[in-house]
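In: test case, fold it:
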Amino acid sequence: DWAFWIFAENLKGIRPQYIRQDLFRYRIRANSMHQSLLSNQEYSLASVRILHPTLYPVELLLAAHDKLLNANELVRTKVDEKLAKHPSHATPHLMRGLLSEAQGSHLADGHEHGYYWEDALSYYRQAAALCPHHDWQPRWRIGLLLQRMERFQESNRTFADLFRHFSGLDEAYKTLNQITVAVGD
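Out: Numbers count the residues shown, from 1 in each chain. Take a look at the predicted model:
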């Protein structure tokens, strides 16, 4: 519902209104979609933020990335379903990249689940090719993953380009590095 109303307002100028009246009764069952959404609400909110990057500050978007990096099996299944249904949309590729990055490892190391950082990089690059120019998220993930893969020149070029085109990302990157250094100490 959140995504629908955001799109409706942004694309058509339709503004939601709150009606202070019970207009229907909603039956709640243990395994209903509503209960599933409630139990995974944090992932739903993360998805909405990732889907609408211009509406949220950088810090909330990066927190949404972190949430998907730690997603459960149900979320992974839903992302795969979205990707199969909407292969020409950037967001499912970005989300699949986050899931692959979290489960992966360096290509030379191998991994029991069969995921590799190269797979995540491929999903991020596809997302970057499909996303609107104002969405910096896939390129940010590419830069971070290239660092993890020790491909520093490519990473530096990616971040330099991002910092030129998107104000505030350089500060977010500095903060991220300060946190990383503090955790590593």
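
In: figure out the helix or strand that residue 62 lives in.
Out: Element membership of residue 62, judged by DSSP states H and E, is helix 58-69.

In: I'd like to know which elements that helix is packed against.
Out: On a contact count with 3 or more CB pairs under 8 Å, 6 or more residues apart in numbering; DSSP states H and E, helix 58-69 meets helix 41-51, helix 90-103, helix 137-148, helix 169-184. C-beta here means a position set from N, CA and C on the backbone, and glycine is covered the same way.

In: okay, the ones you listed, which one's buried deepest?
Out: Most buried of the helices and strands packed on helix 58-69, by mean neighbour count (mean count of other CB atoms under 10 Å): helix 90-103, with a mean of 24.

In: turn the helices and strands packed on helix 58-69 into JSON lines, columns for distance to residue 64 and mean pLDDT.
Out: Listed next are the helices and strands packed on helix 58-69 as JSON lines, based on distance: least, CB to CB, whole Å; pLDDT from 0 to 100:
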{"stretch": "helix 41-51", "distance to residue 64": "4", "mean pLDDT": "88"}
{"stretch": "helix 90-103", "distance to residue 64": "9", "mean pLDDT": "94"}
{"stretch": "helix 137-148", "distance to residue 64": "9", "mean pLDDT": "96"}
{"stretch": "helix 169-184", "distance to residue 64": "13", "mean pLDDT": "70"}
